[in-house]
Structure formats: C-alpha cells, structure tokens
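>>> give the three-dimensional model of this entry:
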Amino acid sequence: SLPDLMSPNVMHNPELFKGQVTLMNVWGVWCVTCAIELPFLTELSEQGVRIVGLYYDQDIDPDFGIKSLPAIQKEVTAKLTKLGNPYEFNIFDVKRDYSLDLGVTGAPETYVIDKNGVVRMHHIGDINPRVWRGKIEPLYKKLVAE
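Next up, the predicted model:
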C-alpha cells in the first residue's frame, strides 16, 4: 500500500487495478520527457483510457536535495495545470520501493496492467501517437475486450 500524492491519508493497494485495464505512468516534474508526453496522455484519458500516475520524485532523496510534501504537491499541481492532467490519481512512491520492485529505471515509463492486476507490458520512454498506435493501443484494446 502506498499513499496518494495529493491526499496522503488515502492509501492505494493492488486492488486498484482489479476490474479495469490501466496504464500506470511513472513520471516526475523534473522529467523533461514526461512534460512532453503529458498533453498526449491527457488526450488519451479524455478518450476513456484509465491512467494512474506513479509519482517518482528525486527531491525526497538527500542526494538531490530535500523538499517538503507541500512543496512537491505545489509543483505537481502547477505542472499538471499547465500541461494537462491525465491521471485519475497519483501514487506517491516515497521510498521508491514499488518502483524498484517493478524494475523502474527512470521516467517516463508506462505499464499496461490488465483487469486482474497483471502487468502485461512495460514501455520505457514517452508515449506519443506513434508509440500508442503501433505498440500500446493494440494490446490495450485486446485487454479491454477480454
């Protein structure tokens, strides 16, 4: 179980993936490529694609400098207000334990998760129209139809 970035008293657990196909997008405000993909991800979410964020923050790490949760929330709100918010919510992987379990190497990365909560694809890099149509959408549609 991990907390919601904007409502830390709300905890998310693996059950959140049950019953619907989900894209879980690993991102951070520091990530330039993440900023580039946000408008397209927002278009997908407006078309009914469920997208959950896994917020990957370097600013909690003492090697990068420490920020408070309110400061991080403020940065996230500003970025999503400016570029679009595709996320149903953001999971806050404070210590990156979940990210390590998933094999995350950075951001952006996206996982396609089926209705049973099973990761069916791991895409490293941004999602743009070409990547969506050629790689992710065929699997996404197949999983939705199952």
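>>> quick check: buried residues in the lowest-mean-pLDDT helix or strand in the chain?
The helix or strand of the chain with the lowest confidence, counting by mean pLDDT, DSSP states H and E, is helix 97-102 at a mean of 86. For helix 97-102, the neighbour count (16 or more other CB atoms under 10 Å) marks Y98, S99, L102 as buried. No exception for glycine: its C-beta is placed from N, CA and C like everyone else's.
>>> which of those lies closest to Y140?
L102 (18.4 Å; CB to CB).
>>> quick one: contacts for that closest one?
By CB atoms under 8 Å, 6 or more residues apart in numbering, the contact list for L102 reads Y111, V119, H122.
>>> run through who's touching the helix or strand following the least confident helix or strand of the chain.
Next in sequence after helix 97-102, counting helices and strands by DSSP states H and E, comes strand 109-113. Here strand 109-113 makes contact (CB under 8 Å, 6+ apart) with 17, 21-26, 102, 119-125, 127, 136, 139-140, 143.
>>> give the pairing partners of strand 109-113; include direction for each.
Within its sheet, and counting by DSSP bridges, strand 109-113 is paired with strand 22-27 (antiparallel), strand 119-124 (antiparallel).
>>> report the distance from the last one to the chain centre.
Relative to the mean C-alpha coordinate of its chain, strand 119-124 is positioned 12 Å out (CA atoms, centre = their mean, to the nearest Å).
>>> now the first one
Put simply, strand 22-27 sits 3 Å off its chain's centre (CA atoms, centre = their mean).
>>> what lies in contact with it?
16-17, 34, 38, 41, 44, 49-56, 86-87, 91, 99, 104, 106-113, 127, 136, 140.
>>> if you set the cut-off to 7 Å instead, what comes out?
34, 41, 49-56, 99, 104, 107-113 (CB atoms under 7 Å, 6 or more residues apart in numbering).
>>> in terms of helices and strands, where is K79?
helix 69-83.
>>> re earlier: dump the C-alpha coordinates for the least confident helix or strand of the chain into PDB.
In PDB, the C-alpha atoms belonging to helix 97-102 read as follows (Å, rounded to 0.1, in the frame of the first residue of the first chain):
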ATOM      1  CA  ASP A  97      10.300   0.500  -3.100                       C
ATOM      2  CA  TYR A  98       7.400  -0.100  -5.500                       C
ATOM      3  CA  SER A  99       9.400   1.400  -8.400                       C
ATOM      4  CA  LEU A 100      12.300  -0.900  -7.600                       C
ATOM      5  CA  ASP A 101      10.000  -3.900  -7.500                       C
ATOM      6  CA  LEU A 102       8.700  -3.000 -10.900                       C
END
